[in-house]
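Undergrad: pasted the sequence and its predicted model underneath.
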Protein chains: 2
Amino acid sequence: MTTVVEATELVLGTARTYGEEYVIMEDSVGRVLAEAIVATRDMPPFNRVAMDGIAIDYAAYAAGQRHFEIEKRIAAGDPIGTLSDRHKAVEIMTGAALPTGANTVIPYEALTIEGNIAHIVADRVVQGQNVHTQGEDLQQGATVLDAGHLLRPADLALLATEGKTRVRVRRPPSFAILSTGDELVPIDQEPLPHQIRRSNVYAVQALLRQYHVQSTLLHLADDPEVMHNQLSALMGKVDAWICIGGVSKGKKDFLPQVLEALGVRKYFHRVAQRPGKPFWFGATDEIVVFALPGNPVSSIVGTVRYVLPWVRSCLGLSWDYSMPVQLAEPFRFDPPLVRFVESELQHDSSGVCRATPRPGHGSGDFTRLAFTKGFVELPAEKTLFQPGEVYPFWPFPTFVV
Amino acid sequence: MTTVVEATELVLGTARTYGEEYVIMEDSVGRVLAEAIVATRDMPPFNRVAMDGIAIDYAAYAAGQRHFEIEKRIAAGDPIGTLSDRHKAVEIMTGAALPTGANTVIPYEALTIEGNIAHIVADRVVQGQNVHTQGEDLQQGATVLDAGHLLRPADLALLATEGKTRVRVRRPPSFAILSTGDELVPIDQEPLPHQIRRSNVYAVQALLRQYHVQSTLLHLADDPEVMHNQLSALMGKVDAWICIGGVSKGKKDFLPQVLEALGVRKYFHRVAQRPGKPFWFGATDEIVVFALPGNPVSSIVGTVRYVLPWVRSCLGLSWDYSMPVQLAEPFRFDPPLVRFVESELQHDSSGVCRATPRPGHGSGDFTRLAFTKGFVELPAEKTLFQPGEVYPFWPFPTFVV
């Protein structure tokens, strides 16, 4: 049986780029930059006044002068002015450009102003204070954001500053999500007693959407010939498939043979893990195929543990988005398999992340997923896992804290 | 000056509900349920076979029988069948309904099958094994998801199972995001040497969007009369305003007086914090107004620390989404103000979350925001903060791990 480490390597070995596209800047959160953003101006672009007050030449202050006549007023948005007399002052506002000849800003809090005369009452004035110096944060030509950067909300301020109304980003691979199983009916249909509605595909689609992956849903017939025709028609239409179900040892589990008949080269079938052991993975030059077992927890865990790392790798992000957490409770698991356990996650008052296993009633029980934040990955070599031991936690990706 | 605790209480005191709306299930991630989702059927809805193999009556096995004639085959999607002879077996597939009369499933791995006879080779068979019992996960009438639940990707599988093609969710308040400052030009315009492009508003809008908040952007003129007319025309159009800039002590900072002239009742002006001290907050019966100082870091921190907690509170979520983290490096801050410091966040190998302060060059320096994941909140009472001490960390909300 393929190990989790081997399966991960084989999956990631098929990752490649899928081109680039432009998006509107406002829609770019969660996208990966395909271009480096370079500063076209210094940041700040001028000596920017950081407090409301007066701008003076520090030399006058250093020579003992405390009363300054205000020779003019400059507001934010006014062209860069000049302090014409170095013994006078310019009354000035936050965001304005410091006038030529001035180098220090005294805030109103440190002044009394009578008529046109400002009197400095502060104990201490430092040369250059309250001036955000041109180029202090970043110099013209420097990189603001690297290509490969995953855009987050605050980054949009930087894109806007550089006038990037649209942004070149990496295109994620497109997917078809393919359900199997004659017991499944569409969600708008009332199931008969032996039927259930299709459900996993929506969770898998939503997980992919967190990375702006486009996907289409399709249901495959439990008939090898019909399935062959359906999949054949899909060739060349999307970059990757996630098949859900039909990969175990059952009489109707002919998905692997259909995939191989279509020329999809098998990389592995069955991984030493629970849930998700019957996982089949293959590829052609054109498509990559993740065939996950059909139990809800198996298909969701398989997406989080293999498909999303592959998507991240295609986008040039680090594939491993797990984080080390401490186990909050003991857990026992005997079979020599890697065990993925759905877990709650708490940040305790000492700053430690603790995962509490909530395994539910097996891989068919997805009611617990609503109360868990992801899963811990417990190694195959151990059977008894103790509180305080540290293991990787794979969060279900979503913005929610 | 208002303390951070007082300001938080005053802001949250104005939170209220803003109605409900329907969304397509596929678009419901990140929305808050306005309805409880109740199980219309047991989960699973029938005794669901969890492995491929044969279904038998355990009593026959217990009585010593090891060879079972296969009387029929049942696949997933077939109507619920019957084991007519309790000394025989039904060959059965994962996902199928267990036939009446059978209670235990022996997987293929534990069998040899010759012709129509299955021979059990397993050492141990447990009554009821590999059957996912009807109602084991959740019983009909039980709550699947509570009203007030924030929907995450895996929850969509539960909504789909219940046939919720559309979902009733809480409507977040709508916002206008209002920039001020004559030095600002639109992002598609080339700024003059003393000008900069509008940028903060895009970051603030993207932060709100993480909670599906709709917002419109508008620039206010640095003229009290024009501003008054612009704001007056906006009354009744949206639920809340975020004004950015124009709230300090400068000659052009007449936003507070304009707001008060419009009948917006001031709750506070100036909070004992850095950045963001000049924060003004007020409300009428119709709108809530957050007037944040205009420096990029101030407006982003103000949004994360006050606006988003208010939005969460309006949606019925816990307002405090900070998490306790350990400081990774010492930090000194003398003024008696709460200090919000942009920080990197690492999960170290012992499961501890550590924040490394990256304060940059003051609240005008937003280049560091791209490299930080949020900010730590350091109390006003201390000046020296030591590694290992635990403080709240406010993440910039985004799905990214």
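TA: That came through, no problem.
Undergrad: what sits against the residue of the stretch 101-250 of chain A found nearest chain B?
TA: Checking the stretch 101-250 of chain A residue by residue against chain B with Cβ to the nearest Cβ singles out A:D182 as nearest, at 2.7 Å. Placement of C-beta: from N, CA and C, glycine included. By Cβ atoms under 8 Å, 6 or more residues apart in numbering or on different chains, the contact list for A:D182 reads A:A221, A:D222, A:K252, B:A75, B:A76, B:G77, B:D78.
Undergrad: highest neighbour count among these?
TA: In terms of neighbour count, B:A76 stands highest of these at 27 neighbours, by other Cβ atoms under 10 Å in any protein chain shown.
Undergrad: pretty sure that one is in a helix, no?
TA: No. Counting by DSSP: H, G, I helix; E, B strand; the rest coil, one finds B:A76 to be coil, located in no helix.
Undergrad: low-confidence regions, the stretch 301-401 of chain A specifically.
TA: With pLDDT under 70 as the threshold, the stretch 301-401 of chain A has low-confidence stretches at A:399-401.
Undergrad: could you pull out the helices for it?
TA: A:308-314 (DSSP state H, counting those that start in this stretch).
Undergrad: for it, what lies in contact range of chain B?
TA: Contact residues (Cβ under 8 Å from any Cβ of the partner chain) of the stretch 301-401 of chain A with chain B: A:321, A:323-326, A:347-354, A:360-362, A:364-370, A:390, A:395-401.
Undergrad: go through the residues you listed and flag which are in strands.
TA: Cross-referencing those against strands under DSSP state E gives A:M323, A:P324, A:V325, A:Q326, A:H347, A:C353, A:R354, A:V390, A:P395.
Undergrad: tabulate these (a markdown table), appending distance to B:L138.
TA: Formatted as a markdown table, the entries for these read as follows, by distance: Cβ to Cβ, whole Å:
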| residue | distance to B:L138 |
| --- | --- |
| A:M323 | 30 |
| A:P324 | 33 |
| A:V325 | 27 |
| A:Q326 | 30 |
| A:H347 | 29 |
| A:C353 | 29 |
| A:R354 | 26 |
| A:V390 | 33 |
| A:P395 | 24 |
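Undergrad: ok, so of those residues, who is nearest A:A240?
TA: A:P395 (22.0 Å; Cβ to Cβ).
Undergrad: not counting sequence-adjacent ones, nearest residue to that closest one?
TA: In space, not counting the residues next to it along the chain, A:P395 is nearest to A:G374; the distance is 3.9 Å by Cβ to Cβ, 6 or more residues apart in numbering or on different chains.
Undergrad: likewise for A:A283?
TA: Counting by Cβ to Cβ, 6+ apart, A:T14 is the residue found nearest to A:A283 once chain neighbours are left out, at 5.0 Å.
Undergrad: on that earlier part again, only the buried subset of the residues of the stretch 301-401 of chain A next to chain B, as a PyMOL command please.
TA: Under the burial definition 16 or more other Cβ atoms under 10 Å in any protein chain shown, those of these that qualify are selected in PyMOL by:
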select buried, chain A and resi 321+323+324+325+326+347+351+352+353+354+360+361+362+364+365+366+367+368+369+370+390+395+396+397+398+399+400+401
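Undergrad: and stretch A:21-34, C-alpha only, in CSV?
TA: Coordinates of the C-alpha atoms in stretch A:21-34 are reproduced here as CSV (Å, rounded to 0.1, in the frame of the first residue of the first chain):
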residue,chain,number,x,y,z
GLU,A,21,-5.3,36.0,-16.1
TYR,A,22,-6.3,39.5,-15.2
VAL,A,23,-8.7,40.3,-12.4
ILE,A,24,-10.2,43.6,-11.2
MET,A,25,-8.1,44.8,-8.2
GLU,A,26,-11.2,44.8,-5.9
ASP,A,27,-11.7,41.0,-6.7
SER,A,28,-8.1,40.0,-6.2
VAL,A,29,-8.2,38.9,-2.5
GLY,A,30,-7.1,35.2,-2.3
ARG,A,31,-5.4,35.3,-5.7
VAL,A,32,-1.7,34.8,-6.3
LEU,A,33,0.2,37.6,-8.0
ALA,A,34,1.7,36.6,-11.4
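Undergrad: what residues sit buried inside it?
TA: Buried residues in stretch A:21-34, counting neighbours by 16+ other Cβ under 10 Å, are found at A:V23, A:M25, A:E26, A:D27, A:S28, A:V29, A:G30, A:R31, A:V32, A:L33, A:A34.
Undergrad: coming back round to it: do you know the pLDDT at the residue of the stretch 101-250 of chain A closest to chain B?
TA: As summarised for this prediction, A:D182 has a pLDDT of 91.
Undergrad: name all residues that make contact with the spatially closest residue to A:G245 that is not a sequence neighbour.
TA: Distances taken as Cβ to Cβ, 6+ apart place A:G294 nearest to A:G245, at 2.8 Å, with adjacent residues excluded. By Cβ under 8 Å, 6+ apart, A:G294 lies in contact with A:S179, A:T180, A:G181, A:N200, A:I244, A:G245, A:G246, A:V247, B:T94, B:G95.
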